[in-house]
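Asks: sequence? don't have it. structure:
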């Protein structure tokens, strides 16, 4: 069985293996043992509320209970920009018009902003190559929205994700080459690495503070602004299906888009319902296609757990769970669990009565 | 029966009556006969596609068929900022931090932007005092989203609405007094009037172009930024329920919020379905409470019409309409019409099969 | 024989020829169309006559006249106040320091700021001369006669003066600075912008120029090279102005990036070395080669002459000089050494 | 008898007293804590000894010593390069013109731009003197001795000089300019910011000051009034500096909005009127009251004396003057009239 649970001490080796296999480009999880250990410590402190709510870093592990191994990770950073300064460019429009001449020019412009300061970020998604099927990526990503909604007071109204921008096979970023490198004399790969180990705000201090008029940049740089790396396109589509939108914020180095959503607008949040657990000993075929499965969360903050069950388990008031599922979720009969479809256009409606939307 | 239809020549008198009754504060519809006539002409040109698609101003009348009178109006401006320059302030965050001193200061800042340039605006909502009940306001507002979705190629992906900001009983705006008036020596009411007759961009030329740091403004001005006038609060709540969000843009004069939504995220769009018309001569009680009614649109561009019918008219594949309703909608049996709930949490689901979301 | 005098309506034809002669290769701030030129002449005539309204600062045009052939061979102008009551835009070149304490890195970043700080200074401009006269005494006469006019009407002009020097243009007429910057915002080629600039009020510049500072490093290499560089053909003009005491400061033209020269009016060589004298008719032999100016306003005249000084602020000049100046013995003149 | 000489470690106690004496009423750029003062003295001693590294520009402190009582009664400083290798921040006051062609309206809008344009100019500062000495000869000696030091080491200093004049502070210690502007961004009161500014590297200013221009009209009326105004208690200092040729330009202090005075080093009165002479021991009666400076670097001395000039660049002085200067007959001195 595959289950989501808080990242733990014993996941370090598995995490290191995954980070090494992922290679460059995953700036939030570099293959650096000390750094990964620090992340695990922060995650533990966050789930156990031993740190300020704003400092929380909630990292979830996807555990394969048969292999007894962590095969994926995803995260929520409760607030960004409180320790360091968090920068983005905002792709904006400057209009200059002369009625006398009948000229009206729209100039796309990048403005440096700190607008995501104090906002919740979803981050650090990584899934082991061996498990990239059967909706595991969706589970890893969407479980976070159930957590966000159940514990809203710890998070901002709006959440965002930074998507990796365009770089070529050699790791060169067209935007960095045209813009960042003019102000800071290092290669993109190095800037990217420095970002990963937490030095991004230092570099940002050296970046231009006045607006950048895009017509002054070469076509190669202009066309990647707000575009994702090919490898990141599926993740972007998934977030878009959840209701995340590109609102003009991009990464200051590679121009990758920031996508945003208000928690109450997120599809998983909108389409989820609560049911009481009914433990059923009658055998059940758990192994149904992803299309027919729903996510079940135990709604626990300290020991948040999510797995998937066939949609057929759901009744108007209850959800029937086999004992082994109840055990990994750490729930008993009568507990209230939360359900949401795993896939877009998955089993719907699980709302039962007109008017009941939550 | 109340029906939505394109604004027409013969509505001028009714419009003038409504504008006069509304008084000040409705800047998009001042009680100026010539201006109203021009708006009707523009609306006619837009529906009949006699103008550039970007120049389209789609104005809808709410007609009381018994009184044979226009009792409300609402509109869509296909694109703003193409003739004149369209300004907003963006409420943004400036972060200054010194590690040496352990100081981290977030300064809310207004940045002048043209970011709504080329975006679709919903505007001009006005409902006669006599008809402010039974969901007529909802019909007048929400009918626009059915139009937007059915004719998306004429509009931008994102749409927005400017909400009236705070002013006191004397028509004084705290933000104007603290900011605008420092740069342009007129009263808010005059600025507001100039805005209504289309001189807003001239005034904007005189407004400060550099960012405004909010701590430099008095408390009275700071606290109204992004806030609506009491009279506008219900309209704001309605749009929020539709999925419109405040993303930081405000009016440069009174600080009223701009709320935005991507068309595909709008609730009316998400929750609407198409059905084939079945004309049914069996008598039907049309006069049910708003909660039990759904909107029906004829999906016509040139002669867009919407009215409401009881949810009970809907079957899995068809919608049954009495002949008089079919007549005002100008539809016949077999025509495809669009349905959407009138009220939040109204009759749902009208989706019938799992997986059918559109 | 050369004489500099205020422009007159009758000079239009000669001016058109002059303006056309140079074409885009040596653009000057002189308008290029007949209509605009005629308007500019009217403006100058009114200015010399003191008929300008308070909203409109005087704009003077002087012509270099070949007395023998009765033909105008050059033109030069003064705007009493740069911008003529509206903002006068330039870019101010400045540098920012981008520093990171933690990374121990500090970097100089060159920036162009939109500026109208030079508004209301006195502006020399509209200079054009027949190519064969470049570098001759007549060239110097045309350029410096304006300064003698200023010396004789000092109170009409500002404390500080500016001159815009034409920037780099390639053989094929391209303006690298414009192509890399202005073109994107004005949505027109250099010649069109240049034409509008001579023709229309400058409001369109305020409306269309980028409102925020420009990072020099983002301009094309050609534009960066051209920044603050004068067109090679302006060498003679530049040299003369530098001798006068003009120097390149922090400002450049927003169209072609050419340098804007600045000076304090009262420290200009011509103003410092010029003297007010009384002209006395006398046969002289030898003496010093000078610029000699007489009369006020629309009657102003300036010529080249060889004169000798005597005591008591008297200048002795032969009859032909007095005649060329259209004055009489005993009249008040301003003299400056060549 | 008064003498100005480089500060020494032994002066710390007197300096603390001096810094404390004035409190916030007459804040100067002199640090206020013992630790910071001691460090500043070390810096000065190293600077006079020429031991500063290339990254650290020299910062000199001079003291005014009462020779009779062996007590320090004043202090004054020179930073060879304002900012000491880091950006030196001020606000530049400028005006924008907001104009609408269609509405026929044009309006002047005053703006403060963050600027580090004054970086690397030579900065006079850290001036503090016992209140009873204000307006006396000793006051003038302390202020101008620095300029004679510059005259004797001209190559160590810049072309241009600046002095920050303390801005307006109310009776109860409030600083209206700070309260209306800086406080919001630095999140601390004026005294704290002032203390940091004397103690720490100025990096925090770059990190915390608002990055964008400030509209003057949005400041409190009190702050607008205080803008570019000197504290009443700085009158004597201002007057002396203005006599030297310093004038208020476009810059103000980012903390209290006080004016920044500017001058070209070589046009300062003390530099222009000073002469290098040879000192000759001689009984004199009468003569002229002068500033007299001798020696280089850490041995520099400056006193007030009545001396008489003779031909051949020789200055005749009585033995007590030679003794006060700690030099010998025949030594090279710089003299400037009082």
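Replies: Good, I have the coordinates. For clarity, every value in this text was computed on a predicted model and none was experimentally measured.
Asks: tell me which parts of chain C are close to chain B?
Replies: Contacts of chain C with chain B, taken as Cβ under 8 Å from any Cβ of the partner chain, map to C:101-102, C:211. Any C-beta I mention is one placed from the backbone N, CA and C, and that applies to glycine too.
Asks: Over to the stretch 101-250 of chain A?
Replies: So the stretch 101-250 of chain A meets chain B at A:104, A:106, A:111, A:113-115, A:117-118, A:158, A:243, A:245, A:247-248 (Cβ under 8 Å from any Cβ).
Asks: 6 Å - rerun?
Replies: Neighbours of chain B within the stretch 101-250 of chain A, by Cβ under 6 Å from any Cβ of the partner chain: A:113-115, A:117, A:243, A:245.
Asks: Any chance of those residues in a markdown table with distance to chain C and neighbour count as columns?
Replies: As requested, these are exported to a markdown table (distance: Cβ to the nearest Cβ, whole Å; neighbours: other Cβ atoms under 10 Å in any protein chain shown):
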| residue | distance to chain C | neighbour count |
| --- | --- | --- |
| A:113 | 14 | 24 |
| A:114 | 17 | 22 |
| A:115 | 18 | 28 |
| A:117 | 19 | 20 |
| A:243 | 34 | 24 |
| A:245 | 27 | 21 |
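Asks: Can you tell me which of those lies closest to residue D:44?
Replies: Nearest to residue D:44 out of those is residue A:114 (Cβ to Cβ; 40.2 Å).
Asks: Now the closest one: closest residue in space, sequence neighbours ignored.
Replies: Excluding the flanking residues, the one nearest residue A:114 by Cβ to Cβ, 6 or more residues apart in numbering or on different chains is residue B:95, at 4.1 Å.
Asks: Tell me where the model's unsure across the stretch 101-250 of chain C.
Replies: Low-confidence segments of the stretch 101-250 of chain C, defined by pLDDT under 70: C:198-201.
Asks: check contacts around whichever residue of chain C sits closest to chain B.
Replies: Nearest residue of chain C to chain B (Cβ to the nearest Cβ) works out as residue C:211 at 5.7 Å. Contacts for residue C:211 (Cβ atoms under 6 Å, 6 or more residues apart in numbering or on different chains) come out as residue B:209.
Asks: Wait, residue C:306 touches residue C:291, no?
Replies: No - contact criterion Cβ atoms under 6 Å: residue C:306 and residue C:291 do not qualify, at 11.4 Å.
Asks: which non-adjacent residue is nearest residue A:126?
Replies: residue A:73 (5.1 Å).
Asks: Can I take it that residue C:292 is in a strand?
Replies: Yes - counting by DSSP: H, G, I helix; E, B strand; the rest coil, residue C:292 is located in a strand.
Asks: I'd like the distance between it and residue C:89.
Replies: Distance of residue C:292 to residue C:89, given as Cβ to Cβ, to the nearest Å: 37 Å.
Asks: What of residue C:4?
Replies: When distance is defined by Cβ to Cβ, residue C:4 is 30 Å away from residue C:89.
Asks: Repeat that for residue A:79.
Replies: Distance from residue A:79 to residue C:89, by Cβ to Cβ: 44 Å.
Asks: One more: residue A:63?
Replies: To residue C:89, residue A:63 is 65 Å away according to Cβ to Cβ.
Asks: Compare the two and say which is more crowded by neighbours.
Replies: residue A:63 (24 against 21; other Cβ atoms under 10 Å in any protein chain shown).
Asks: The more buried one is in what secondary structure piece?
Replies: Per DSSP states H and E: residue A:63 is located in strand A:57-64.
Asks: So what touches that strand?
Replies: If you take Cβ under 6 Å, 6+ apart as the criterion, strand A:57-64 is touched by A:2-5, A:7, A:11, A:42-43, A:46, A:70-77, A:140.
Asks: Run me through the strand neighbours of that strand, direction for each.
Replies: Strand pairing for strand A:57-64, using DSSP bridges, gives strand A:2-6 (antiparallel), strand A:69-77 (antiparallel).
Asks: Please dump those into JSON lines; it should also carry mean pLDDT and mean neighbour count for every row.
Replies: Output for these, formatted as JSON lines (pLDDT from 0 to 100; neighbours: other Cβ atoms under 10 Å in any protein chain shown):
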{"stretch": "strand A:2-6", "mean pLDDT": "97", "mean neighbour count": "23"}
{"stretch": "strand A:69-77", "mean pLDDT": "96", "mean neighbour count": "23"}
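Asks: Make JSON lines out of these and add distance to residue C:78.
Replies: Converted to JSON lines, the strands paired with strand A:57-64 look like this (distance: least, Cβ to Cβ, whole Å):
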{"stretch": "strand A:2-6", "distance to residue C:78": "79"}
{"stretch": "strand A:69-77", "distance to residue C:78": "64"}
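Asks: thinking again about what came up before, out of the residues of chain C next to chain B, the closest to residue C:247 would be?
Replies: Ranked by distance to residue C:247 (Cβ to Cβ), these are led by residue C:211 at 29.2 Å.
Asks: Residue A:106: how many residues sit nearby?
Replies: Count around residue A:106 with other Cβ under 10 Å applied: 16.
Asks: quick one: it and residue B:230, what's the gap?
Replies: 36 Å.
Asks: ditto for residue C:151
Replies: Counting by Cβ to Cβ, the separation of residue C:151 from residue B:230 is 69 Å.
Asks: So for these two, which residue has more residues nearby?
Replies: The neighbour comparison of residue C:151 against residue B:230 (other Cβ under 10 Å) goes to residue C:151, with 22 against 9.
Asks: Please settle this for me: is residue A:334 part of a helix?
Replies: No - assessed with three-state DSSP, residue A:334 is coil; it does not lie in a helix.
Asks: What score does it have for pLDDT?
Replies: At residue A:334, the model reports a pLDDT of 94.
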